[in-house]
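[1] After the sequence you'll find the predicted model.
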Amino acid sequence: TATAATNTTQIATTAFVRTELANLADSAPAALDTLNALAAALGDDPNFATTVTNSLALKAPLASPTFTGNPAAPTPSPGDNDTSIATTAFVTAAVAAASGGASVKRNRIVNGAMQVSQENGNTAGTTNGYYVADQFAVYRTTSAGTITAQRVQSVTPNGSKDRARITITAADASLAAGEFLTFNQNIEGQEVADFRYGSASAKQSILRFGFKGPQGTYAVSVKNSALNRSFVSLFTISAPQANTDTEQTITITGDTTGTWLTDTGIGLSIDIVLACGSTYQGTTGWQAGNILGTSGVSNGMGTVSAVFEIFDVGLYADFASTGTAPTWELPDYDDTLRQCQRYCFLPPANWIKASGGTAAAQAAFSVVGYFPAAMRIAPTASGFAWTLVNAPTPTMDTPTPHSVHTTVTSSAAGVSSFTNTAGVFSSRM
C-alpha cells in the first residue's frame with residue numbers, strides 16, 4: 001500500500017483509497033463529509049456566493065443604517081442615560097415620570113386631603129356610615145366589634161394636615177360571613193364618564209392613598225352602582241411597615257362589561273377594605289357580584305386598640321397606561337369646599353332668616369335661600385332648629401338643587417322673625 005499523498009503510477013490499494021478519502025473529509029461531521037452533504041448544506045445552489053452577496057446587500061449597514069417597516073429593540077431600564085436605543089415604551093414612561101405620573105392629573109376623589117368636614121369636624125363617631133370628613137364614610141357590619149372613626153390633625157408625608165383615623169374599641173375575632181369594615185367614597189358618574197367603563201374602550205386608572213395600620217393584607221374594591229361588577233386588588237403591610245405611614249398605588253384596569261352610570265348617580269364606589277367576611281370574598285381583578293376582597297384579607301376588626309389611618313387619596317385617569325400616580329398636590333381649600341357643598345351643605349346660623357312687623361297675627365312672610373353650589377340633585381333637609389319670635393316652626397318647601405323657600409305665618413301682632421340655628425341639606429349618594 002502506497003503512503004498517503006503518493007501521486008505516481010503505483011497501484012492504489014483499497015487501503016490507500018480509504019486513507020485518502022478520510023484525509024479529504026478531515027474529521028468533518030457526518031452531515032458534511034460527502035460532496036452531496038456539502039451541496040445540501042448550500043441549498044443545492046450552484047450560485048451560492050451570488051445569493052449570499054445579494055442577501056447581504058439588503059441589510060442595513062453598521063454605519064448610519066436606515067430601517068423600514070416596524071423595527072423593535074429591547075426597552076432600556078427606566079433612567080437609562082447612554083447610547084442605547086430609546087423605544088416608544090421607554091419614552092412614554094420617561095414622559096410620564098417627568099410630568100408626575102398618570103396622563104390626566106385631575107383628582108376624581110372629592111376632598112382627597114380631608115380638609116373639609118362640615119358635619120362632624122373632628123368629632124369621633126361610632127355609627128355605621130359615619131362621615132369622618134365630607135364624602136368619606138366608614139361602613140361596618142359586625143356582630144361583636146365596635147369602632148370609633150374621626151378626622152384628626154396629623155401631618156402626612158406629603159404635607160397635608162388632616163387624615164382619617166379608625167380605632168377598634170372592641171374586637172370581633174371571628175367575622176361572620178356578612179360582616180365587613182370599609183372606608184368608602186362614592187364618585188358621581190359624570191365625573192368619571194371618560195373612563196368609558198362598560199365598553200370596549202374602557203380606560204385604565206390609578207388609585208393612590210396613604211395608609212397606616214397593623215401588619216396584614218388589606219384590599220381595595222371598586223364597584224358599580226348596581227353592585228354587580230367589582231374589581232379587587234390587595235396590598236400588604238409588612239412587619240417593618242406596620243403602624244408607619246406608607247403610600248399605596250393600585251392600577252385599576254378598565255371594565256369592558258357591566259352597566260356604569262355617567263349621570264348624577266354613582267359612577268364608581270371605592271372602598272379601602274380592612275375586613276370582610278366570606279359573603280364579600282372573591283378573587284383579584286374584575287368579576288361579577290358585590291365583592292370587597294379575597295379570603296386573604298386580614299381581619300382588621302380582630303384586635304382591640306388597633307388603629308388605621310388613611311390620608312391623601314387620589315384617583316386619576318391613566319389613559320397612557322403609565323401605571324404611575326402623579327405627584328400629590330394639596331387641593332385648593334375653597335375649590336374643595338364648593339365640591340363638597342354639591343353633596344352636603346351645612347348652612348351657618350342665620351342663613352335662613354326673615355322678620356316683619358304686623359298689626360295682627362296670621363301675616364305670612366318668607367325668604368329664599370340660595371345654595372353656594374348647585375347640589376347634585378334636589379337635597380333633603382334635616383335637623384333644622386330655629387330661633388322664633390311670634391312665629392311657629394317655619395314651613396320649608398321641597399328644595400331644588402339651587403335654592404330653598406321657607407315661609408312662616410306670624411302668631412301675634414308686632415315684630416315676628418325666624419332664623420335657623422342648625423340643619424343640613426344632603427344630596428349624597
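    Received the coordinates, thanks.

[2] quick one, phi/psi of H402?
    The phi and psi torsions at H402 (degrees, to the nearest 10) take the values phi -110, psi -20.

[3] Let me fix that, I meant to ask about A275.
    When quoted as degrees, to the nearest 10, the phi and psi of A275 stand at phi -170, psi 140.

[4] Can you report phi and psi for T126?
    Phi and psi for T126, reported as degrees, to the nearest 10, are phi -120, psi -10.

[5] Please report how far the closest residue to it other than its chain neighbours lies from Y131.
    Once flanking residues are discounted, T126 sits nearest to T148: 5.7 Å by Cβ to Cβ, 6 or more residues apart in numbering. C-betas here are computed from N, CA, C, even on glycine. Computed as Cβ to Cβ, to the nearest Å, the T148 to Y131 distance reads 14 Å.

[6] Neighbour count: the two, which is higher?
    More crowded of T148 and Y131, by other Cβ atoms under 10 Å: Y131, with 21 against 17.

[7] Name the residues that touch whichever strand or helix holds V152?
    Following DSSP states H and E, one finds V152 within strand 146-153. Contacts to strand 146-153, defined as Cβ atoms under 8 Å, 6 or more residues apart in numbering, come from residues 114, 117, 120-126, 130, 132-133, 138, 140, 161-170, 181, 301, 309.

[8] And stretch 125-142, by the same measure?
    Contact with stretch 125-142 is made by 109-111, 114-120, 146-151, 162, 164-166, 169, 172, 175, 178-186, 271, 301, 313, 340, 343-344, 428, as judged by Cβ under 8 Å, 6+ apart.

[9] Sitting in helices, which of those residues do you find?
    Residues of those located in helices (DSSP state H): C340.

[10] Just the buried ones from the contacts of stretch 125-142?
    Buried members of the contacts of stretch 125-142, counted by 16 or more other Cβ atoms under 10 Å: 109-111, 114-120, 147-151, 162, 164-166, 172, 175, 179-186, 271, 301, 313, 340, 343-344, 428.

[11] just to revisit the earlier point, sort out for me which of the contacts of strand 146-153 are in strands.
    Using DSSP state E, 130, 132-133, 138, 140, 162-170, 181, 309 are the members of the contacts of strand 146-153 that sit in strands.

[12] Would you point out the most distant pair within the residues you listed?
    Farthest-apart pair in the ones in strands among the contacts of strand 146-153 is D162 and A170; separation 26.2 Å (Cβ to Cβ).

[13] residue closest to the middle of this structure?
    For the chain, the residue sitting closest to the mean C-alpha position, by Cα atoms, centre = their mean, is L207 at 2.4 Å.

[14] Go ahead and confirm that one touches F235.
    No: in this structure, L207 is not within contact of F235 by Cβ atoms under 8 Å, at 10.3 Å.

[15] got the contact list for the spatially closest residue to D397 that is not a sequence neighbour?
    Nearest non-adjacent residue to D397, counting by Cβ to Cβ, 6+ apart: H405, 4.4 Å away. Each residue near H405 by Cβ under 8 Å, 6+ apart is listed here: S366, V367, V368, M396, D397.

[16] Just name the shakiest helix or strand of the chain by mean pLDDT.
    Of all helical and strand segments in the chain, the minimum by mean pLDDT, DSSP states H and E falls on helix 88-99, at a mean of 68.

[17] so what's the backbone phi/psi at V367?
    Backbone geometry at V367, expressed as degrees, to the nearest 10, gives phi -150, psi 150.

[18] Tell me the confidence at it?
    V367 is assigned a pLDDT of 94 by the prediction.

[19] Any idea how many residues pack against I11?
    Residues lying near I11 (other Cβ under 10 Å) number 8.

[20] Which stretches in the chain count as helices?
    Under DSSP H, the chain gives helices at 14-25, 35-41, 48-57, 88-99, 333-341.

[21] Give the residues shared as contacts by L207 and F235.
    With contacts taken as Cβ under 8 Å, 6+ apart, L207 and F235 have V220, I250 as neighbours in common.

[22] give the contact list for the closest residue to the residue nearest to the centre of the chain other than its chain neighbours.
    With sequence-adjacent residues excluded and distances taken as Cβ to Cβ, 6+ apart, L207 is closest to I250, at 4.4 Å. Shown in contact with I250 (Cβ under 8 Å, 6+ apart): I206, L207, R208, V220, S233, F235.

[23] In TSV, list those residues along with distance to V415 and pLDDT.
    Formatted as TSV, these follow (distance: Cβ to Cβ, whole Å; pLDDT from 0 to 100):
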residue	distance to V415	pLDDT
I206	59	97
L207	56	98
R208	57	98
V220	58	98
S233	63	98
F235	62	98
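
[24] Now, these that are in strands?
    Using DSSP E, the subset of those located in strands is I206, L207, R208, V220, S233, F235.

[25] Report the beta-bridge partners for the fifth one.
    Under DSSP bridges, the beta-bridge partners of S233 are V220.

[26] I figured it hits W286, correct?
    No: with contact defined as Cβ under 8 Å, S233 does not count as touching W286 (10.4 Å).

[27] so D172 touches G302, yeah?
    Yes: with contact defined as Cβ under 8 Å, D172 and G302 form a contacting pair (6.8 Å).

[28] what touches both of those two?
    A275.
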